[in-house]
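Colleague: Starting from these lines, generate the structure:
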Amino acid sequence: MKQKSWNVSHLPFIKPIGIASLLFLYLPLFTVLIFSFNESEDATTWGGFSTRWYSTILDNTDLIRSAKVSLSIAIPCAVMAALIATGLAVGIGRATGKVQNFLRALVNAPLVLPEIVTAVGTLALFSLVGLPLRYSSLLFAHIVMCVPFAFLPIRSRLRDFDENIFEASRDLGASSTRVMIKITVPLLVPALLSSGLLSFIISMDDFLTSLFVSGPETTTLPIYIFGLLKLGASPEVNVIAALLLIIPTLGLLVGITWTATRRRSNEARNK
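Modeller: Numbering: from 1, shown residues only. I've put the predicted structure just below:
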């Protein structure tokens, strides 16, 4: 008699716990979306369906200014973090043995450190070198913070590369620069998009580092939302949170669709 294989789903209560965890994870997001259409002036009390708060935030000059600051930081941060992470991933990939493991651990170390440690250290460094707290200092702090996150998808993609392709191109006389432009970069496009989008979301969402190193003219959107909450739960907070949820999700879906379409077209071309 063939014995049935065992897996974790056979444990008692594992399915109810999983369902409860998913509900706990996603119910706050759905609540924010629903309450962004709240008629009431109290953000936590439902007063009927209305879209008036979506039009109200367009007249909020402070909100628009903070959103522009966040976007002006997040967009270049996404590009620079992806490029720096690519260089690190390629360079570390050429190392061997313990040196490679040490360098990879060094890049990934900020992921396991409390963010407040990095924020305090960054502020202390800026004070030590006399760098004023303005746009450039905030952008620099965000890039450094996002590089380890951008490194993960690029490093994962590089591990999947077939080294025979690169060896064949070198045997045919291609220089290292040509191999990078014609082979490495096209193969890295999906990972570059993933790392850029991840860095963009992290930069837009960051509060702690921005709170420590932002100046009076670089109030980001999370800091502005925190200020609104201290004054009282305004319905505008729900609208801002809903937009921050919807826009990156749509961008992620577009990126996934584009990547899948491109992969299918490449597979069809190769056949």
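Colleague: I figured Thr118 was touching Met145, is that so?
Modeller: Yes. Counting by C-beta atoms under 8 Å, Thr118 does reach Met145; the two are 6.6 Å apart. The C-beta positions use only the backbone N, C-alpha and C, and glycine is treated the same way.
Colleague: tell me, what's touching those two both at once?
Modeller: Counting by C-beta atoms under 8 Å, 6 or more residues apart in numbering, the residues touching both Thr118 and Met145 are 110, 209.
Colleague: Those two: who's more crowded?
Modeller: Remark: of Thr118 and Met145, Met145 carries more neighbours, 23 against 17, as counted by other C-beta atoms under 10 Å.
Colleague: list the helices and strands the helix or strand hosting that one packs on?
Modeller: With secondary structure defined by DSSP states H and E, Met145 is part of helix 135-159. Helix 135-159 sits against helix 61-94, helix 97-112, helix 115-129, helix 185-205, helix 208-213, with contacts defined as 3 or more C-beta pairs under 8 Å, 6 or more residues apart in numbering; DSSP states H and E.
Colleague: which strands and helices sit next to the first one?
Modeller: Read it as helix 61-94. helix 97-112, helix 135-159, helix 185-205, helix 221-231.
Colleague: Mind listing what's buried along the longest one?
Modeller: Using 16 or more other C-beta atoms under 10 Å as the burial criterion, the residues of helix 135-159 that qualify are 137-155, 157-158.
Colleague: Repeat that for stretch 67-80.
Modeller: Within stretch 67-80, the residues scored as buried using 16+ other C-beta under 10 Å are 67, 69-70, 73-74, 77-78, 80.
Colleague: Dump these into a markdown table; add pLDDT and distance to Phe37 as well.
Modeller: Converted to a markdown table, those look like this (pLDDT from 0 to 100; distance: C-beta to C-beta, whole Å):
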| residue | pLDDT | distance to Phe37 |
| --- | --- | --- |
| Ala67 | 86 | 20 |
| Val69 | 90 | 27 |
| Ser70 | 90 | 24 |
| Ile73 | 93 | 29 |
| Ala74 | 92 | 26 |
| Cys77 | 94 | 31 |
| Ala78 | 93 | 30 |
| Met80 | 94 | 37 |
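Colleague: May I see these arranged in TSV, with distance to Tyr26 as well?
Modeller: Converted to TSV, the buried residues of stretch 67-80 look like this (distance: C-beta to C-beta, whole Å):
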residue	distance to Tyr26
Ala67	25
Val69	30
Ser70	24
Ile73	28
Ala74	24
Cys77	28
Ala78	26
Met80	32
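Colleague: farthest-separated two in those residues?
Modeller: Ala67 and Met80 (20.4 Å; C-beta to C-beta).
Colleague: Return the distance of the helix holding Met145 from the chain's centre.
Modeller: Here helix 135-159 is found 9 Å from its chain centre; the criterion is C-alpha atoms, centre = their mean, to the nearest Å.
Colleague: Apart from its chain neighbours, what residue comes closest to the residue nearest the centre of the chain?
Modeller: Centroid check for the chain by C-alpha atoms, centre = their mean gives Leu198 as the closest residue, at 2.4 Å. Once flanking residues are discounted, Leu198 sits nearest to Phe149: 5.4 Å by C-beta to C-beta, 6 or more residues apart in numbering.
Colleague: Would you confirm that the one you found contacts Val107?
Modeller: No. Taking contacts as C-beta under 8 Å, Phe149 lies outside contact range of Val107: 10.5 Å.
Colleague: circling back to that earlier point, show me the one of the helices and strands packed on helix 61-94 that comes nearest Leu22.
Modeller: helix 185-205 (20.7 Å).
Colleague: so that closest one versus helix 61-94, what angle?
Modeller: Helix 185-205 and helix 61-94 are oriented at 140 degrees to each other (axes from the mean of the first three to the mean of the last three C-alpha atoms, to 10 degrees).
Colleague: Just the residues contacting helix 185-205, thanks.
Modeller: Helix 185-205 is contacted by residues 70-71, 73-75, 77-79, 81-82, 85-86, 142, 145-146, 149-154, 156-158, 161, 221-222, 244, 248, 251-252, 255, 258-259, 262-263 when judged by C-beta under 8 Å, 6+ apart.
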